[in-house]
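1. okay, structure incoming, though there's no sequence with it:
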């Protein structure tokens, strides 16, 4: 599983803005029985680094990687300003951060190497 929604962190009928920081939330995420890679851009205005950290905390065996300057689309933005992020959503010539691609590939490779 490469990308996860914050919805996996939330209990049914709970919205992200109603969960107090640090609150214990029963999560369907803990029911996963497979390797998990949690990726997060620190310029993401939709899902926060705290959300990604909470997902990781729900499964300490998961891998967590935070990408500096990346938006929700895993593309590098000039700043955390909404207007600076617009091209990362609408301009198909703005590439995905190569570090994200490398991280995913390395993680998958490591999974294969760990198998007997």
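-> Happy to help now that I have it. For clarity, every value in this text was computed on a predicted model and none was experimentally measured. Numbers count the residues shown, from 1 in each chain.
2. where's the helix or strand containing residue 86 relative to the chain centroid, distance-wise?
-> Assigned by DSSP states H and E, residue 86 belongs to helix 82-90. Computed by C-alpha atoms, centre = their mean, to the nearest Å, the chain-centroid distance of helix 82-90 equals 18 Å.
3. after it, next one along is what?
-> Next along from helix 82-90, by DSSP H and E: helix 98-114.
4. quick check: which helices or strands does that next one pack against?
-> Contacts defined by 3 or more C-beta pairs under 8 Å, 6 or more residues apart in numbering; DSSP states H and E place helix 98-114 against strand 37-41, strand 63-67. The way it works is simple: take the backbone N, C-alpha and C, and place the C-beta from them, glycine included.
5. go through the helix holding residue 86 and flag the buried ones.
-> 85, 87, 88 (16 or more other C-beta atoms under 10 Å).
6. against which helices or strands is that helix packed?
-> By 3+ C-beta pairs under 8 Å, 6+ apart, helix 82-90 packs against no helix or strand.
7. thinking again about what came up before, turn the buried residues of helix 82-90 into JSON lines, columns for distance to residue 31.
-> As requested, the buried residues of helix 82-90 are exported to JSON lines (distance: C-beta to C-beta, whole Å):
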{"residue": "85", "distance to residue 31": "33"}
{"residue": "87", "distance to residue 31": "38"}
{"residue": "88", "distance to residue 31": "32"}
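8. using a markdown table, lay out the helices and strands packed on helix 98-114 together with distance to residue 75 and mean pLDDT.
-> As requested, the helices and strands packed on helix 98-114 are exported to a markdown table (distance: least, C-beta to C-beta, whole Å; pLDDT from 0 to 100):
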| stretch | distance to residue 75 | mean pLDDT |
| --- | --- | --- |
| strand 37-41 | 8 | 95 |
| strand 63-67 | 10 | 96 |
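9. among the ones you listed, which comes closest to residue 99?
-> The closest of those to residue 99 is strand 63-67. By C-beta to C-beta, the value is 6.1 Å.
10. packing partners of the closest one?
-> strand 37-41, helix 49-58, helix 98-114.
11. report all helices and strands that the first one contacts.
-> Right, strand 37-41. Using 3+ C-beta pairs under 8 Å, 6+ apart: strand 37-41 touches helix 49-58, strand 63-67, helix 98-114.
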